[in-house]
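K.L.:
here is my input, please return the structure:
(2 chains)
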Amino acid sequence: MSKNIAVSVQHVSKDFRLPHERADTVKSLFINPFNKNRKKFETQHALRDISFDIPKGEFFGIVGRNGSGKSTLLKIIAGIYLPTQGNLRVNGRLVPFIELGVGFNPELTGRENAYLNGALMGFSKKEVDVKYRDIVSFAELERFMDQKLKNYSSGMQVRLAFSVATILAESDILLIDEVLAVGDADFQRKCFEYFRRLKKNKKTVIFVSHDMNAIRDYCDRAILIDNSRVIATGTSAKVAREYDKLFLNSSEDVDSKGKKQNRWGNKALRYTEVGCDPVVTIDSKTLRVTTKLRVNEDMDEGLFGFSVKNSSDVLVLGTNTQLKNKRLKNLKKGEIIELNWTIPNIFGDGEYFINVSAETIAATPCDWWDEAAHFRVAKNTPTGMITYPLMELEAFRNSERI
Amino acid sequence: MSRIVNAFQRLKAKYRYSLILLKQLVITDFKLRYKGSALGYVWTLLRPLALFAILYVVFVHFLKVGSSTPHYAVYLLTGVIFWNYFIEVTTNGLSAIVGKGDLLRKLAFPRYAVVVAGSLSALINLAINLVVIGLFMILNGVTLSIDSLWVLPLIVELFVFGLGVAFLLSALYVQFRDINYIWEVVLQAGFYATPILYPISLVVTASPLVAKLMMLNPVAQIIQDIRATAVTSDTVTIASLFHNPFASLIPLAIVIVLAVLSMIYFKRRSPGFAEEI
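P.N.:
Numbering: from 1, shown residues only, chains lettered A, B, ... in the order given. The predicted structure is shown next:
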């Protein structure tokens, strides 16, 4: 392996054998040692032929939907799972950062937990000693280190765990899972500050996230995993775009597999197209959602609605044709209806989902489709601050408008 | 050449991690042992003391068993304490991997470290108990000689045996969750099949063959040898039973073979622990 490569993943595959009936008890082994049923298992291919290299000093993103296999890949890189096939080579010391506070014990004091957690990550008492002050001050827990962990609030526990991990783990290679990015705004800010510092210090970082803004902001390169395979590699912007596309095209086939019940109704009316710009910058004034429907049965009157929710499942806005005084009466079978909505861009940066609905005027759902489309509002400023489009600024110098 | 250096460094790094972890796990275990109890560490001394009092009252005062054996109370205490150590080592080992399942799924630390840590914790406990035994020996007028140092290699033998069983049980337990109940029964049976509370001479008079088979059990051999070297020479050992000074090599061989096989088995199974737990 070349000296400039920090992590090399070559043709890695991982299969999980999921037995239908586990030989969990010795009894089943003794009673039926040759029963073929016992050997029956399903093979689940969590990863297939994954290959990539991460050069030293790169901030490398791994993205994918839930269940795509990225957590398995993470565990293989961390050395928790062995790959079924292929090779993993790590050049340097890798500190996994998959969960905070692994091994924390409520009966021990904050200090004792810091040392225990450090030891679990492979840091000796001496190494922790050197950085102990930094850990405590970063966590802002000076007065509490000799109290038992069970008397800590959950926020204090997270702070301690995070600072042990971040202060200690200034090693060659860091593996960071998105779980880090949970917590209140203050904590998030600290996380992102920390990422910026890592990037400045040219650490090799493997970063797994759903948050495409974070991927775009911090990662040099990324890979996209879907259905156990790498489906895109390249710059983080390109991979993030591919990730967004995945959501735009996926609703229908996710539905047909029955994985997610996000579309229902009697199909008398049926959406055939729901589209919008996948990425909107925060300073664009409006965004447009285009929909197309087919009428499958004659109908007195149809009612069409539309709403936007954010990634925490909270509705942001919504309206329908009746409220907008567009009545659609006497619908005939075979008709095509196009409805194009223009909405003001009142959104902060983040992910948003579009729900559409079509129902009869008597409120019988014909096609109710949650998360029919998806768009992302991206910030376009380098400051890292969120700027809202509707904020106006008037500025004066010595009473003169500038 | 650089490959050798590289391999050596990797080896060093590997054991460095294990040692750091081992140390911290043992310390943590020690700290947590008597957390919440009013007397705390005093219990480590009080437990063997109370045990001694019970044995003395029951066996020396009322039952008057083994009244022919000198220092019978200390003789009993020695057996009980070493047997308790064996129980602790193996039950610690049994649950070492499964009990740390949460950790195993999240970190790639060397798996064997948690098993060894469990055995070391039990060994520390044994050492404290031995201090108490030593105290009673002096009070009881047991004369110790330089030969009594034979106890040390015997403890090493017992440690290796316990560790071997711990490796085997911990790996088996991941797959077969019945092992803990089975092991409980085995320990119960073992307690009566080992000359702990009764003198082996009783068995010898009944059936010399059964006595010989019983002494092939490494724990029985070790306890009797320790009693012979440290408490009283008036003890039936494997050597005196087989009329062969090298008879103890048989249980020793059992210990070594079992330990090696268990470690191989553990090593082979350990990469899959995170998935199977």
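
K.L.:
count of residues packed around A:Pro344?
P.N.:
Residue neighbour count, defined by other CB atoms under 10 Å in any protein chain shown, stands at 11 for A:Pro344. For the C-beta atoms, the positions are set from N, CA and C on the backbone; glycine is no exception.

K.L.:
how about the secondary structure of A:Asn87?
P.N.:
What DSSP: H, G, I helix; E, B strand; the rest coil gives for A:Asn87 is strand.

K.L.:
not counting its neighbours along the chain, what's nearest it?
P.N.:
Closest residue to A:Asn87 apart from its sequence neighbours, by CB to CB, 6 or more residues apart in numbering or on different chains: A:Gln10 at 4.6 Å.

K.L.:
in what helix or strand does the most centrally placed residue in chain B lie?
P.N.:
By CA atoms, centre = their mean, chain B has its centre lying nearest to B:Phe86, at 3.2 Å. Assigned by DSSP states H and E, B:Phe86 belongs to helix B:72-99.

K.L.:
near chain B, which residues of chain A are found?
P.N.:
Contact residues, chain A versus chain B (CB under 8 Å from any CB of the partner chain): A:16, A:23-27, A:29, A:75, A:78-82, A:93, A:96, A:98-99, A:102-103, A:105, A:107-108, A:112, A:115-116, A:118-125.

K.L.:
A:Asp172 against A:Gly92, yeah?
P.N.:
Yes. Between A:Asp172 and A:Gly92 there is a contact under CB atoms under 8 Å: 3.2 Å.

K.L.:
the two: which is more packed in?
P.N.:
Taking neighbours as other CB under 10 Å, A:Asp172 and A:Gly92 compare with A:Asp172 leading, 16 against 11.

K.L.:
who's in contact with the more buried one?
P.N.:
With contact set as CB atoms under 8 Å, 6 or more residues apart in numbering or on different chains, A:Asp172 has these partners: A:6, A:56, A:91-94, A:203-204.

K.L.:
just the mean pLDDT for the helix holding B:Phe86, thanks.
P.N.:
What helix B:72-99 shows for mean pLDDT is 92.

K.L.:
and what of stretch B:105-125?
P.N.:
Model confidence over stretch B:105-125, given as mean pLDDT, is 92.

K.L.:
just stretch B:178-185 next, same as before
P.N.:
Computed over stretch B:178-185, the mean pLDDT rounds to 94.

K.L.:
now do the buried residues in that stretch.
P.N.:
B:179, B:183 (16 or more other CB atoms under 10 Å in any protein chain shown).

K.L.:
for whichever residue of the stretch 101-250 of chain A sits closest to chain B, give me the pLDDT.
P.N.:
Nearest to chain B, among the residues of the stretch 101-250 of chain A, is A:Ala119, at 3.4 Å (CB to the nearest CB). Per-residue confidence (pLDDT) for A:Ala119: 89.

K.L.:
can you tell me the closest non-neighbouring residue to B:Val132?
P.N.:
B:Pro48 (4.3 Å).

K.L.:
that neighbour against B:Leu77, yeah?
P.N.:
Yes. Proximity of B:Pro48 to B:Leu77 meets the contact threshold set by CB under 8 Å, at 7.1 Å.

K.L.:
what touches both of those two?
P.N.:
Here B:Pro48 and B:Leu77 have B:Ile133 as joint contacts, going by CB under 8 Å, 6+ apart.

K.L.:
show me which of the two is the more surrounded one.
P.N.:
B:Leu77 (25 against 22).

K.L.:
so what's the spatially closest residue to that one that is not a sequence neighbour up against?
P.N.:
The spatial neighbour of B:Leu77 that comes closest, neighbours along the chain excluded (CB to CB, 6+ apart), is B:Phe52 at 5.1 Å. Contact analysis of B:Phe52 by CB under 8 Å, 6+ apart lists B:73, B:77, B:132, B:136.

K.L.:
ok, the last one - contacts?
P.N.:
This means B:Phe136. B:52, B:73-74, B:77.

K.L.:
so it sits in a helix?
P.N.:
Yes. If the criterion is three-state DSSP, then B:Phe136 is within a helix.

K.L.:
can you tell me how far it sits from B:Phe167?
P.N.:
Note on B:Phe136: its distance to B:Phe167, by CB to CB, to the nearest Å, is 33 Å.

K.L.:
and for the second one?
P.N.:
Here the criterion is CB to CB. By it, B:Leu77 lies 29 Å from B:Phe167.

K.L.:
just A:Asp186 next, same as before
P.N.:
A:Asp186 is 47 Å from B:Phe167, where distance means CB to CB.

K.L.:
these two: which is more packed in?
P.N.:
Between A:Asp186 and B:Phe167, counted using other CB under 10 Å, B:Phe167 has the larger neighbour count: 29 against 10.

K.L.:
show me what contacts that one?
P.N.:
Going by CB under 8 Å, 6+ apart, B:Phe167 touches B:93, B:112, B:115, B:259, B:262-263, B:265-266.

K.L.:
now do 10 Å
P.N.:
By CB atoms under 10 Å, 6 or more residues apart in numbering or on different chains, the contact set of B:Phe167 is B:93, B:96-97, B:112, B:115-116, B:119, B:258-267, B:269-270.

K.L.:
pull the longest helix from chain B.
P.N.:
In chain B, taking DSSP state H as the definition, the longest helix is helix B:2-33.

K.L.:
which strands and helices sit next to that helix?
P.N.:
Judged by 3 or more CB pairs under 10 Å, 6 or more residues apart in numbering or on different chains; DSSP states H and E, helix B:2-33 is in contact with helix A:110-120, helix A:125-139, helix B:42-55, helix B:112-140.

K.L.:
average pLDDT for the following helix or strand past the second one?
P.N.:
Later in the chain than helix A:125-139, the nearest helix or strand by DSSP H and E is helix A:154-168. For helix A:154-168, the per-residue pLDDT values average out at 82.

K.L.:
could you pull out the strands in the stretch 151-300 of chain A for me?
P.N.:
Using DSSP state E, counting those that start in this stretch, the strands found in the stretch 151-300 of chain A span residues A:173-176, A:204-208, A:221-226, A:229-235, A:263-264, A:269-276, A:279-281, A:286-295, A:299-310.

K.L.:
which stretch in those strands is the model least sure about?
P.N.:
Mean pLDDT values for these show the minimum at strand A:279-281, a mean of 77.

K.L.:
buried ones in that one?
P.N.:
By neighbour count on 16+ other CB under 10 Å, the buried set for strand A:279-281 is A:Val280.

K.L.:
name the strands paired with that strand and say parallel or antiparallel.
P.N.:
Note on strand A:279-281: by DSSP bridges, its sheet partners are strand A:365-378 (parallel).

K.L.:
put the alpha carbons of the strand it pairs with into CSV.
P.N.:
Presented in CSV, the C-alpha positions along strand A:365-378 are these (Å, rounded to 0.1, in the frame of the first residue of the first chain):
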residue,chain,number,x,y,z
PRO,A,365,-58.5,9.8,-0.8
CYS,A,366,-57.6,8.9,-4.4
ASP,A,367,-53.9,9.4,-4.3
TRP,A,368,-52.3,10.6,-1.1
TRP,A,369,-48.5,10.6,-1.5
ASP,A,370,-46.2,11.6,1.3
GLU,A,371,-42.7,12.6,0.4
ALA,A,372,-43.5,12.5,-3.3
ALA,A,373,-40.5,14.7,-3.9
HIS,A,374,-37.7,16.2,-1.9
PHE,A,375,-35.6,19.3,-2.1
ARG,A,376,-32.8,20.8,-0.2
VAL,A,377,-32.2,24.4,0.6
ALA,A,378,-28.5,25.0,0.6
